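Enquirer: 3D model of this:
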Amino acid sequence: MIELKTNAEIRAMRVAGSVVAAGLAAVRDHAEIGVSLKDLDKVAAEVLAQRGATSSFLNYHPRFAPSPYPAVLCTSVNDAVVHGIPNDYRLRDGDVLSIDFGAEVDGWHGDAAITVLVGEPQPEDVALVAATERALTAAIEVCRPGNTLGDIGHAIGPIARGAGYGILADHGGHGVGHAMHELPHVPNEGQPGKGIKLHPGLVIAIEPMFLLGGEDTYWTGHDGWTLLTEDGSRAAHFEHTIAITEGDPIVLTAP
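Expert: Numbers count the residues shown, from 1 in each chain. The predicted structure follows:
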């Protein structure tokens, strides 16, 4: 069942969203050559502690995963699209790093992601990251009552396909609330006017994931969590948690 949130509940969710925004900003500031992914996880954990929040990710154990998630961040480097577990890998010049972060405050969750370029990036990586972020912006713009999930997918999909990028198969956005993942599923491709209508009070995470090589396929790493492009090409991922209102959408995870 899809739950619509009241205005008071949306305000409460904004508190969790502000923690997510602060955590992503802190991690972005520390994502430099030579810094390990575990170091970045510690930065995010410190933000949670300072803000009196808990992690949405740590110990999360969905049915597909072989074990609970062991960190507060997802750090996905280069051909890793999403769900990369922070380890001892140290960032290198030219890396593409996607950072996904979730926080819970008073029973409400926020979820967002960014992709950053480390050191001197390749032009094709710059274009990939810019297109993925642009797709998220375009999707947020159609988050208005009367539009549909198909309109959101249609805002995202043509940006990827027009540039020759793949879109991670079988994955997309989701509802957010008392659980990090709620109904509905929010696809990254769709037909205008099709699918569930957007109503005030609906809170969703929108997360385009574009693959540089043009293929949609992926494989799951040996840790049972990390999803990697099947062709070895690089990927980018952006996400925000959005509240549908009577007027303009509210980006709950904006800085």
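
Enquirer: for residue 155, pull up the helix or strand it's in.
Expert: helix 149-163 (DSSP states H and E).

Enquirer: could you pull out the strands for the stretch 1-150 of the chain?
Expert: Counting by DSSP state E, counting those that start in this stretch, the stretch 1-150 of the chain has strands at residues 54-55, 73-77, 80-82, 96-105, 108-117.

Enquirer: and those as TSV, adding distance to residue 184?
Expert: C-beta coordinates here come from the backbone N, C-alpha and C atoms, glycine included. Supplementary listing: these in TSV, determined by distance: least, CB to CB, whole Å:
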stretch	distance to residue 184
strand 54-55	24
strand 73-77	22
strand 80-82	19
strand 96-105	18
strand 108-117	15
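
Enquirer: can you redo the ones you listed as CSV with mean pLDDT and mean neighbour count?
Expert: Conversion of the strands of the stretch 1-150 of the chain to CSV gives the following (pLDDT from 0 to 100; neighbours: other CB atoms under 10 Å):
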stretch, mean pLDDT, mean neighbour count
strand 54-55, 98, 19
strand 73-77, 98, 25
strand 80-82, 98, 23
strand 96-105, 98, 26
strand 108-117, 98, 24
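
Enquirer: just the terminal-to-terminal distance for stretch 26-40.
Expert: The straight-line separation of the ends of stretch 26-40 (CA to CA, to the nearest Å) is 9 Å.

Enquirer: need the contact partners of it.
Expert: By CB atoms under 8 Å, 6 or more residues apart in numbering, the list of residues contacting stretch 26-40 from outside reads 43-44, 46-47, 73, 75, 77, 84, 86-93, 97, 99, 101, 114, 116, 118-119.

Enquirer: which secondary structure elements does whatever helix or strand residue 205 lives in sit against?
Expert: Secondary structure from DSSP H and E places residue 205 in strand 203-206. Judged by 3 or more CB pairs under 8 Å, 6 or more residues apart in numbering; DSSP states H and E, the packing partners of strand 203-206 are helix 123-141, strand 173-175, strand 182-186, strand 240-243.

Enquirer: what's the spacing between the longest one and its chain's center?
Expert: In other words, helix 123-141. For helix 123-141, the distance from its own C-alpha centre to the chain's C-alpha centre is 13 Å (CA atoms, centre = their mean, to the nearest Å).

Enquirer: what's the answer for the last one, then?
Expert: In terms of CA atoms, centre = their mean, the gap separating the centre of strand 240-243 from the centre of its chain is 10 Å.

Enquirer: repeat for the third one
Expert: For strand 182-186, the distance from its own C-alpha centre to the chain's C-alpha centre is 14 Å (CA atoms, centre = their mean).

Enquirer: quick one: strands adjacent to that strand?
Expert: In the sheet containing strand 182-186, the strands it pairs with under DSSP bridges are strand 173-175 (antiparallel).

Enquirer: buried ones in the strand it pairs with?
Expert: The neighbour-count check on strand 173-175 (16 or more other CB atoms under 10 Å) flags 173, 174, 175 as buried.

Enquirer: repeat for stretch 248-255
Expert: Of the residues in stretch 248-255, those buried under the neighbour-count criterion (16+ other CB under 10 Å) are 249, 250, 251, 252, 253.

Enquirer: save the residues you listed as JSON lines, and put in distance to residue 182, secondary structure and pLDDT too.
Expert: Rendered in JSON lines, the data for these read as follows (distance: CB to CB, whole Å; DSSP: H, G, I helix; E, B strand; the rest coil; pLDDT from 0 to 100):
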{"residue": "249", "distance to residue 182": "17", "secondary structure": "coil", "pLDDT": "98"}
{"residue": "250", "distance to residue 182": "17", "secondary structure": "strand", "pLDDT": "98"}
{"residue": "251", "distance to residue 182": "18", "secondary structure": "strand", "pLDDT": "98"}
{"residue": "252", "distance to residue 182": "14", "secondary structure": "coil", "pLDDT": "98"}
{"residue": "253", "distance to residue 182": "16", "secondary structure": "coil", "pLDDT": "98"}
